[in-house]
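Engineer: Return a 3D structure for these sequence lines:
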Amino acid sequence: MSPLVHRIYIGTLISIVFLTTIFLLYKGIPYYSTPLEERFYHPDHNWFKPSGVFGHGLGIVGTLLILIGVLGYIAKKKYKFLHRFGRLKYWLEFHIFLCSLGPVMILFHTAFKFGGLVSVSFWSMVAVVASGVVGRFIYIQIPRTIEGRELSLHEVKAMKVNLEEILKGSYQLDEASQQSILEAATIKTGGGFFSQYFGDKRTIQQVKNVLHANRLTRPDIKKVVTLVQNEISLNHRIERLLTMQKLFKYWHVAHLPFALIMLIIMVIHVGVTLAFGYRWIF
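Structural biologist: Alright, predicted model coming up:
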């Protein structure tokens, strides 16, 4: 999948969730904005109530979307025969899509009325969605292969080049200039995104100044600057990998229990619904 196609794919998924939410609000806002004690007399009550044709349908479809999203992604990671069916990152993105669209439908299925055991499942679902957003942010910070596999620390370090050897062998630089460039390439900016960004900008400018002082040609300056930028980028990736791997472990502690609670109560809710004889259109 090319970068352009991938952007269109992500944009389409986001648009579907957004437009579905807008459509459900548009269709049901007169009913949902009616006080609970007056909804029984609303002309659309039998349509939008949780056991109504529309409301019940939203619950069924939303539940199926969540189950497909969760079980499909777990299966993709677990079973090797699925490895040839697309990259893991695309499955993750589709998992996030289904597990965003599904909760939206379930929210409207409840008709914004929460209570009893179902409320525990609902708020667990909210916690799962919120933690999923955080998890997605952490996930994309971890360096990965083009297939989406997480890179090990050894693999990231193997991407580094021997910058010192290249500078000595290919460019006529004095010892002090070489040392200055090597220190610039390995310096740790620290701080947040903006301090790191502007720190890297200053570092690259310092490297350019050293290279200009050594009267290197413009093509050589560009090559050396690219090498230094790659070295700085890899150093940042190594730092990020170590930090994000720790955060990802802590994230699972929050995400998985809420997901299990949501799924268990969801199954109980469906079982009780069927036991009491509630049926949809079949």
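
Engineer: Can you give me the buried ones in stretch 32-46?
Structural biologist: For stretch 32-46, a neighbour-count test (16 or more other C-beta atoms under 10 Å) marks 32, 34, 39, 42, 44-45 as buried. Glycine gets a C-beta too; all of them are placed from N, C-alpha and C.

Engineer: Show me which pair in those is furthest apart.
Structural biologist: Greatest spatial distance among the buried residues of stretch 32-46 (C-beta to C-beta): Tyr32 and His45, at 11.5 Å.

Engineer: re earlier: pick the one among the buried residues of stretch 32-46 closest to Tyr26.
Structural biologist: Among the buried residues of stretch 32-46, and counting by C-beta to C-beta, the member closest to Tyr26 is Tyr32, at 11.0 Å.

Engineer: what's the closest non-adjacent residue to that closest one?
Structural biologist: Leaving aside its sequence neighbours, Tyr32 sits nearest to Phe112 (C-beta to C-beta, 6 or more residues apart in numbering; 5.4 Å).

Engineer: Just give me the neighbour total for the one you found.
Structural biologist: 12 (other C-beta atoms under 10 Å).

Engineer: which non-adjacent residue is nearest Trp251?
Structural biologist: Gly135 (5.2 Å).

Engineer: residue contacts, that neighbour?
Structural biologist: By C-beta atoms under 8 Å, 6 or more residues apart in numbering, the contact set of Gly135 is 248, 251, 255.

Engineer: On the three-state scheme, it is what?
Structural biologist: Look at Gly135: counting by DSSP: H, G, I helix; E, B strand; the rest coil, its state is helix.

Engineer: about what we covered before: only whichever of the contacts of Gly135 are buried, select them in ChimeraX.
Structural biologist: In ChimeraX, this line selects whichever of the contacts of Gly135 come out buried by 16+ other C-beta under 10 Å:
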select :248,251,255
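
Engineer: Narrow the contacts of Gly135 to those in helices?
Structural biologist: In helices, defined here by DSSP state H, the members of these are 248, 251, 255.

Engineer: Nearest spatial neighbour of the first one, chain-adjacent residues omitted?
Structural biologist: Residue nearest to Phe248 in three dimensions, not counting chain neighbours: Ile138, with 5.4 Å by C-beta to C-beta, 6+ apart.

Engineer: So what's the residue count around Phe258?
Structural biologist: A count of nearby residues for Phe258, using other C-beta under 10 Å, gives 19.

Engineer: That one sits in which helix or strand?
Structural biologist: Using DSSP states H and E, Phe258 sits within helix 218-275.

Engineer: How about Pro30?
Structural biologist: Taking DSSP H and E as the definition, one finds Pro30 inside helix 3-32.

Engineer: And that helix, what does it pack against?
Structural biologist: Secondary-structure packing of helix 3-32 (3 or more C-beta pairs under 8 Å, 6 or more residues apart in numbering; DSSP states H and E): helix 45-48, helix 88-109.

Engineer: before we move on, the earlier item: would you format the buried residues of stretch 32-46 as JSON lines with pLDDT and distance to Gly169 included?
Structural biologist: Formatted as JSON lines, the buried residues of stretch 32-46 follow (pLDDT from 0 to 100; distance: C-beta to C-beta, whole Å):
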{"residue": "Tyr32", "pLDDT": "89", "distance to Gly169": "71"}
{"residue": "Thr34", "pLDDT": "89", "distance to Gly169": "78"}
{"residue": "Arg39", "pLDDT": "87", "distance to Gly169": "79"}
{"residue": "His42", "pLDDT": "88", "distance to Gly169": "81"}
{"residue": "Asp44", "pLDDT": "89", "distance to Gly169": "78"}
{"residue": "His45", "pLDDT": "89", "distance to Gly169": "81"}
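
Engineer: Out of these, flag the one nearest to Cys99.
Structural biologist: Nearest member of the buried residues of stretch 32-46 to Cys99, counting by C-beta to C-beta, is Tyr32, at 22.8 Å.

Engineer: Give me the most central residue, this protein.
Structural biologist: Nearest to the mean C-alpha position of the chain, by C-alpha atoms, centre = their mean, lies Arg136 at 2.2 Å.

Engineer: Not counting its neighbours along the chain, what's nearest it?
Structural biologist: When the adjacent residues along the chain are set aside, Arg136 lies closest to Ile96, with 6.2 Å between them (C-beta to C-beta, 6+ apart).

Engineer: what about the helices in the stretch 51-200 of the chain?
Structural biologist: Assigned by DSSP state H, counting those that start in this stretch, the helices in the stretch 51-200 of the chain fall at 53-78, 88-109, 116-141, 153-158, 163-170, 175-186, 193-213.
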